[in-house]
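**Q** A structural model of the following input is requested.
(one chain, ligands or ions: 2)
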Amino acid sequence: MPGTQARVATVAIAGLGLIGGSLAAALRESGFAARIVGWGRRDTSLRRGVELGVIDAYTLSLEEALAADIFVICTPTLVAADLLQDVLRLTLDSDRPPVITDAASVKGNLQRAALDACDGSFPAHLVLGHPIAGSERSGVDAAQADLYRDHRVILTPQAETDAAALALVRDMWLATGAEVVEMDVARHDAVLAATSHLPHVLAYALVDALARSDASEEIFRFAAGGFRDFTRIASSDPVMWRDIAIANRPALLEAIDQFSAHLGELRAAVETGDADGLHSTFTRAKAARDRFAASLAERGKGSSDAAAVGQPETAKRIQSQE
Ligand SMILES: NC(=O)C1=CN([C@@H]2O[C@H](COP(=O)(O)OP(=O)(O)OC[C@H]3O[C@@H](n4cnc5c(N)ncnc54)[C@H](O)[C@@H]3O)[C@@H](O)[C@H]2O)C=CC1
Ligand SMILES: O=C(O)C(=O)Cc1ccc(O)cc1
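**A** Ligands and ions are numbered 1, 2, ... in the order given. Below you'll find the model as predicted:
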């Protein structure tokens with residue numbers, strides 16, 4: 001941003017897809033960093049990132065990327081754990097390591113990876129994070145500078161976390177227009193298992209079950225808006241969700257089991273024609289969903305639910321900022 005002093009010289013983004021590309025674009029637009037550099041193992045998305053004006057430059061050298069002030073891991077969840085270990089091993093003895101952070105959807109596996117790489121002590125320069133914003137799309141071409149605006153970002157600092165590192169990561173996300181909250185790692189993984197990972201598993205399961213049924217052609221031909229709304233997230237990237245399901249196994253199993261028990265109760269109500277039971281479940285759920293929709297509207301995410309989750313129809317495509 002012309003005339004504004006950048007908070008840091010360089011932010012390096014590892015994994016320039018939807019999430020990394022949107023962060024890069026937002027930070028460029030806000031002037032938070034003087035320079036945004038992409039890092040990856042192959043240059044395809046990185047070259048595209050420069051073309052789109054999302055990043056200033058890129059490197060395939062991890063050592064070079066680690067010269068940045070902040071190194072943000074935005075790769076799929078299981079890759080993130082391996083990369084985090086490489087990065088921690090390379091920076092542990094450094095006098096001036098970059099602040100390391102990430103955007104992955106599960107935090108427990110990264111916390112364990114960090115402890116493993118650092119002989120059981122949590123590194124002070126690591127701040128694990130998770131933006132609660134995104135969509136079913138992936139890749140740098142889907143990046144949006146306003147993806148995080150008015151959305152929450154969860155940071156999970158530990159007792160060992162350096163206060164200045166935490167403040168820097170907090171400021172980085174605030175510069176994207178997000179609201180930053182802090183949470184315990186286990187709590188994060190339990191809450192996200194229920195509100196994000198379970199719904200994705202259910203959407204994939206429903207679409208897969210119907211697609212494999214004998215009447216699938218007819219079923220999809222007559223599916224209406226409700227089916228489309230319920231199943232949008234089954235268009236999400238299978239690699240990303242495979243990684244999330246594996247990384248968050250205990251919490252996701254708990255969420256699936258609780259939901260299965262609830263579905264079993266609903267099944268019994270349908271079987272026995274328990275009109276009161278069905279009516280009270282649906283009434284409770286409607287009230288909860290209406291409260292949720294109202295709170296989204298209040299937080300200023302636009303007039304529709306679609307805007308709240310960053311659907312493509314509402315996406316502002318990245319314009320070249322060169
Ligand atoms: N898509 C979403 O709505 C959200 C995703 N997340 C998390 O953010 C992370 C990134 O997700 P997206 O941006 O959606 O995925 P994406 O597929 O759009 O981008 C991932 C990027 O990582 C790179 N990558 C893959 N394997 C790599 C490797 N071995 N080494 C280096 N780079 C590699 C890819 O080339 C790509 O540029 C994931 O951990 C995901 O769980 C978090 C919040 C929302
Ligand atoms: O597409 C959607 O509605 C999402 O739920 C986006 C999303 C995906 C993964 C996350 O960890 C957080 C948000």
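**Q** got the contact list for the residue lying closest to residue 132 once chain neighbours are set aside?
**A** Once flanking residues are discounted, residue 132 sits nearest to residue 152: 4.7 Å by Cβ to Cβ, 6 or more residues apart in numbering. Bear in mind the C-beta positions are built from the backbone N, C-alpha and C, glycine included. With contact set as Cβ atoms under 8 Å, 6 or more residues apart in numbering, residue 152 has these partners: 131-133, 178-181.
**Q** If residue 152 is in a bridge, with which residues?
**A** Judged by DSSP bridges, the bridge partners of residue 152 are residue 179.
**Q** what about stretch 38-46, average pLDDT?
**A** Per-region confidence: stretch 38-46 scores 97 on mean pLDDT.
**Q** Same question for stretch 290-305.
**A** What stretch 290-305 shows for mean pLDDT is 75.
**Q** now swap in stretch 71-82 and tell me
**A** What stretch 71-82 shows for mean pLDDT is 98.
**Q** And the contacts of it?
**A** Here stretch 71-82 makes contact (Cβ under 8 Å, 6+ apart) with 11-17, 19-20, 23, 39, 65, 83-84, 87, 98-106, 109-110, 112-113, 172, 239-240, 243-244, 246-247.
**Q** end-to-end on that stretch?
**A** End-to-end distance for stretch 71-82: 15 Å, by Cα to Cα, to the nearest Å.
**Q** Check stretch 65-80 too.
**A** Using Cα to Cα, one end of stretch 65-80 lies 15 Å from the other.
**Q** does ligand 1 sit close to it?
**A** Yes - Stretch 65-80 lies within reach of ligand 1 by Cβ under 6 Å from any ligand atom, at 74-77, 79-80.
**Q** Ligand 1 contacts on the stretch 151-300 of the chain?
**A** Residues of the stretch 151-300 of the chain lying near ligand 1 (Cβ under 6 Å from any ligand atom): 237, 240, 244.
**Q** Most neighbours of all those residues, which one?
**A** Among these, the one with the most neighbours (other Cβ atoms under 10 Å) is residue 244, at 25 neighbours.
**Q** C-alpha coordinates for the helix or strand harbouring residue 19, PDB please?
**A** Element membership for residue 19 (DSSP states H and E) is helix 18-30. Extracted as PDB, the C-alpha positions of helix 18-30 are listed here (Å, rounded to 0.1, in the frame of the first residue of the first chain):
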ATOM      1  CA  LEU A  18      -6.700 -21.300  -2.500                       C
ATOM      2  CA  ILE A  19      -5.700 -20.600   1.100                       C
ATOM      3  CA  GLY A  20      -2.000 -19.600   0.500                       C
ATOM      4  CA  GLY A  21      -2.900 -17.600  -2.600                       C
ATOM      5  CA  SER A  22      -5.800 -15.800  -0.800                       C
ATOM      6  CA  LEU A  23      -3.500 -14.900   2.100                       C
ATOM      7  CA  ALA A  24      -0.800 -13.700  -0.200                       C
ATOM      8  CA  ALA A  25      -3.300 -11.500  -2.100                       C
ATOM      9  CA  ALA A  26      -4.800 -10.100   1.100                       C
ATOM     10  CA  LEU A  27      -1.300  -9.300   2.500                       C
ATOM     11  CA  ARG A  28      -0.200  -7.700  -0.700                       C
ATOM     12  CA  GLU A  29      -3.300  -5.600  -0.800                       C
ATOM     13  CA  SER A  30      -3.000  -4.500   2.800                       C
END
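**Q** and the helix or strand that it is followed by, which residues are buried?
**A** Next in sequence after helix 18-30, counting helices and strands by DSSP H and E, comes strand 33-39. Residues 33, 35-39 are the ones in strand 33-39 that count as buried (16 or more other Cβ atoms under 10 Å).
**Q** Okay, angle between strand 33-39 and helix 18-30 too, please.
**A** 160 degrees (axes from the mean of the first three to the mean of the last three Cα atoms, to 10 degrees).
**Q** hmm, who's touching strand 33-39?
**A** Contacts of strand 33-39 (Cβ under 8 Å, 6+ apart): 6-14, 16, 20, 24, 27-28, 45-46, 49-50, 54-62, 64-65, 68-71.
**Q** What pairs with it, parallel or antiparallel?
**A** Checking strand 33-39 against DSSP bridges gives partners strand 8-14 (parallel), strand 57-59 (parallel).
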